[in-house]
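Engineer: Show me how the following folds:
(one chain, ligands or ions: 2)
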Amino acid sequence: MMDLALSIVVPVYNEEVNIEPLLARIADVLPGLPAPHEVIVVDDGSRDATIAKLRSVKKNYPWLKIVELRRNFGQHSATYAGFDLARGAIVVTLDGDLQNDPADIAKLLEKMKEGYEIVCGWRSNRKDPFFSRKLPSLIVNWLIGSDAPTPIHDYGCFLRAYTNQTAKELSQFSTSRGWFPVLFAKLGFRVGEVAVSHHERRGGEQSKHNFFRRMDQFMSVFLGARAKPFQFVQIIGATGLGLGGLGLLAAIAWGLSGGDSRSLMLGLVSLGLNLWGFLTAVVGTVGEYLVGMNYEIGRHPKYLVRAIHE
Ligand code: UDP
Ligand code: MG
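Structural biologist: Ligands and ions are numbered 1, 2, ... in the order given. Presented below is the predicted three-dimensional model:
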């Protein structure tokens, strides 16, 4: 059903302190946005008072729809729950911690008029730590962008607009581990971007994604980039073999010109170490594929809805 002009989808996990300011900010900008509209807040199995907060303010906001998931499925799965229910011709996604500014939604919608199926926000002035956040993003943007016909700057900005059809297609096509920017290029969507503002997280912990979740996202980008993981492994392996071989040759030459057994040992050890690294990397990569496949064969749902409060 697509009887509305706009759906705003916000996944939230343990955001009790942010719910009220978030909805107030959205309420500020909604009058200037296409109507009729709905705001779907998906509670991704929060363990704090997020759901209670949402239900207590529900009566103030007729456009608010609360989707309660059974447990924590992750930001992207929670977003798919929103996509599947979205009734708006355009679907906008937004972080629940107000790092994205709802005032930028109008910019995305304006850009959509140029015929894009997805318009991504670009955090040209990003407020996140460098080493833990921005540096990994550089790698991720490069990995995804190198597969895309028209790469964009920022695949990690969650503030985006989609046509309803695109949102539904992403949901159908994705896997339960999926981190969907990887699919933008693969599915051949017309993707555009606009610069948006970015703020410090307002409250709650710095990030709701733990290290392993991030690693999972990174691996789905890495493995989603087709041949690249294997090319990396090949380069690592070739480098290891090359260095080990050189070390070995040097050690032999040293031995022939009167060196002692330590030089030979050094060469052998370096060769062994590099081979070990090579094999470990191969096993790790193949293992990643197997884990991913195993998960899909199990047909795990991307999410389960406990209740919808309209
Ligand atoms: N989030 C979620 N499920 C999770 C982790 C995060 O729904 O398992 C939500 C979170 O509440 C926030 C958005 O996803 O609204 C982005 O999360 P966060 O701010 O932690 O990510 P970051 O800004 O660090 O990328
Ligand atoms: Mg955040």
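Engineer: you'd agree E38 is in a strand?
Structural biologist: Yes - counting by DSSP: H, G, I helix; E, B strand; the rest coil, E38 falls inside a strand.
Engineer: And it, how close does it get to P62?
Structural biologist: 9 Å (C-beta to C-beta, to the nearest Å). Where you see a C-beta, it was placed from the backbone N, CA and C, and this is true even at glycine.
Engineer: neighbour count winner among these two?
Structural biologist: E38 (20 against 8; other C-beta atoms under 10 Å).
Engineer: That one reaches M2, doesn't it?
Structural biologist: No - contact criterion C-beta atoms under 8 Å: E38 and M2 do not qualify, at 11.5 Å.
Engineer: Now for those two: what residues contact both?
Structural biologist: R87, G88 (C-beta atoms under 8 Å, 6 or more residues apart in numbering).
Engineer: Now do the buried residues in the lengthiest helix in the chain.
Structural biologist: As assigned by DSSP state H, the longest helix anywhere in the chain is helix 261-297. Residues of helix 261-297 classed as buried by neighbour count (16 or more other C-beta atoms under 10 Å): S263, L266, G267, S270, L271, N274, F278, A281, T285, E288, G292.
Engineer: mind exporting the next helix or strand after it as CSV, just the C-alpha atoms?
Structural biologist: Using DSSP states H and E, the helix or strand that follows helix 261-297 in sequence is strand 305-309. Extracted in CSV, the C-alpha atoms of strand 305-309 (Å, rounded to 0.1, in the frame of the first residue of the first chain):
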residue,chain,number,x,y,z
VAL,A,305,7.8,-7.9,15.0
ARG,A,306,6.3,-8.3,18.4
ALA,A,307,3.7,-5.5,18.1
ILE,A,308,2.8,-2.4,16.1
HIS,A,309,1.3,0.6,17.9
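Engineer: pretty sure E114 contacts G192?
Structural biologist: Yes - the criterion here is C-beta under 8 Å, and E114 meets it with G192 at 6.6 Å.
Engineer: quick one, which of those two is more surrounded?
Structural biologist: Neighbour count, other C-beta under 10 Å: between E114 and G192, G192 has more, with 18 against 9.
Engineer: Just confirm that one is within a strand.
Structural biologist: Yes - counting by three-state DSSP, G192 is located in a strand.
Engineer: Name the residue most distant from the centre of the chain?
Structural biologist: Note on the chain: the largest C-alpha distance from the chain mean falls to G258, namely 57.6 Å (C-alpha atoms, centre = their mean).
Engineer: need the contact list for that residue.
Structural biologist: Per C-beta under 8 Å, 6+ apart, neighbours of G258: none.
Engineer: Quick check, G32 in contact with A106.
Structural biologist: Yes - with contact defined as C-beta under 8 Å, G32 counts as touching A106 (6.3 Å).
Engineer: who has more neighbours, those two?
Structural biologist: Neighbour tally, G32 and A106, criterion other C-beta under 10 Å: the higher count belongs to A106, 13 against 10.
Engineer: Please report the distance of that one from V41.
Structural biologist: To V41, A106 is 20 Å away according to C-beta to C-beta.
Engineer: just A35 next, same as before
Structural biologist: 18 Å.
Engineer: These two: which has the busier surroundings?
Structural biologist: Taking neighbours as other C-beta under 10 Å, A35 and V41 compare with V41 leading, 29 against 11.
Engineer: ok so that one is a strand residue?
Structural biologist: Yes - applying three-state DSSP, one finds V41 inside a strand.
Engineer: Specify the beta-bridge partners of it.
Structural biologist: Beta bridges link V41 to V10, I66, judged by DSSP bridges.
Engineer: how about the residue farthest from the centre of the chain, phi and psi?
Structural biologist: Dihedral pair for G258: phi 100, psi 20, per degrees, to the nearest 10.
Engineer: Local confidence estimate at it?
Structural biologist: In this model, G258 is scored at 80, pLDDT.
Engineer: Quick check: it vs G204, distance?
Structural biologist: Taking C-beta to C-beta, one finds G258 at 67 Å from G204.
Engineer: try T163
Structural biologist: For T163, the distance to G204 - C-beta to C-beta - is 31 Å.
Engineer: same check, this time on A89
Structural biologist: According to C-beta to C-beta, A89 stands 32 Å off from G204.
Engineer: just S146 next, same as before
Structural biologist: 34 Å.
Engineer: which of the residues in the helix or strand containing A195 are buried?
Structural biologist: Here A195, judged by DSSP H and E, is contained in strand 191-196. Within strand 191-196, the residues that count as buried by 16+ other C-beta under 10 Å are V191, G192, E193, V194, V196.
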